[in-house]
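Undergrad: Got a sequence here, can you model it:
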Amino acid sequence: MELPHVEKFYREMKSKGFGLITVTSDPAPEVLKMVEYNGITHPIVCDTAVYPATSKVYDQYHAYDGKHYLIGSDGTILAAFSKIGISLPVLKAELAKHAVR
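TA: The predicted model follows:
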């Protein structure tokens with residue numbers, strides 16, 4: 001499960017003025033259980049639309065299931081990370097490519 005890694009990353013980046021949002025198609029009740037169990041504090045958007053064409057989240061933000069989005073202090077998406085195979089070292093290495101430390 002990647003959420004504990006992402007949460008730790010979020011807490012570090014929050015202190016530097018960044019935000020993080022996770023988008024998932026998992027049903028909200030399941031996500032809430034996972035959030036409470038793992039002590040997750042970063043925002044998670046539940047978008048149960050299967051296809052981007054029917055997704056309100058995709059329509060408005062071009063964000064879709066299976067991604068974590070690093071948000072800059074100006075509200076723009078700086079980087080997107082897949083939920084698969086994510087870990088704290090992977091997140092930091094990817095951000096280093098964008099000169100974010």
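Undergrad: switch to C-alpha atoms for all contacts and neighbour counts from now on
TA: Fine.
Undergrad: quick one: the residue nearest to Phe18 when sequence neighbours are not counted and Tyr37, what's the gap?
TA: Excluding its sequence neighbours, the residue lying closest to Phe18 (CA to CA, 6 or more residues apart in numbering) is Gly72, at 5.0 Å. Remark: distance between Gly72 and Tyr37 (CA to CA, to the nearest Å) = 28 Å.
Undergrad: Between those two, point out the one with more neighbours.
TA: Looking at Gly72 and Tyr37 with other CA atoms under 10 Å, you find the greater number of neighbours at Gly72, namely 17 against 9.
Undergrad: and after the helix or strand of the chain with the lowest mean pLDDT, which helix or strand comes next?
TA: Confidence across the helices and strands of the chain bottoms out at helix 56-61, with a mean of 67, counting by mean pLDDT, DSSP states H and E. Where DSSP states H and E defines the elements, the next helix or strand beyond helix 56-61 is strand 67-71.
Undergrad: what about that following strand, distance to the chain center?
TA: Offset of strand 67-71 from its chain centre (CA atoms, centre = their mean, to the nearest Å): 4 Å.
Undergrad: Would you mind pulling up the elements that it packs against?
TA: strand 19-24, strand 77-82 (3 or more CA pairs under 8 Å, 6 or more residues apart in numbering; DSSP states H and E).
Undergrad: so which of those comes closest to Pro89?
TA: strand 77-82 (12.5 Å; CA to CA).
Undergrad: that older thread, output the helices and strands packed on strand 67-71 in JSON lines; the columns should cover mean neighbour count, distance to Leu3 and mean pLDDT.
TA: What follows is the helices and strands packed on strand 67-71, written out as JSON lines (neighbours: other CA atoms under 10 Å; distance: least, CA to CA, whole Å; pLDDT from 0 to 100):
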{"stretch": "strand 19-24", "mean neighbour count": "22", "distance to Leu3": "9", "mean pLDDT": "85"}
{"stretch": "strand 77-82", "mean neighbour count": "17", "distance to Leu3": "12", "mean pLDDT": "78"}
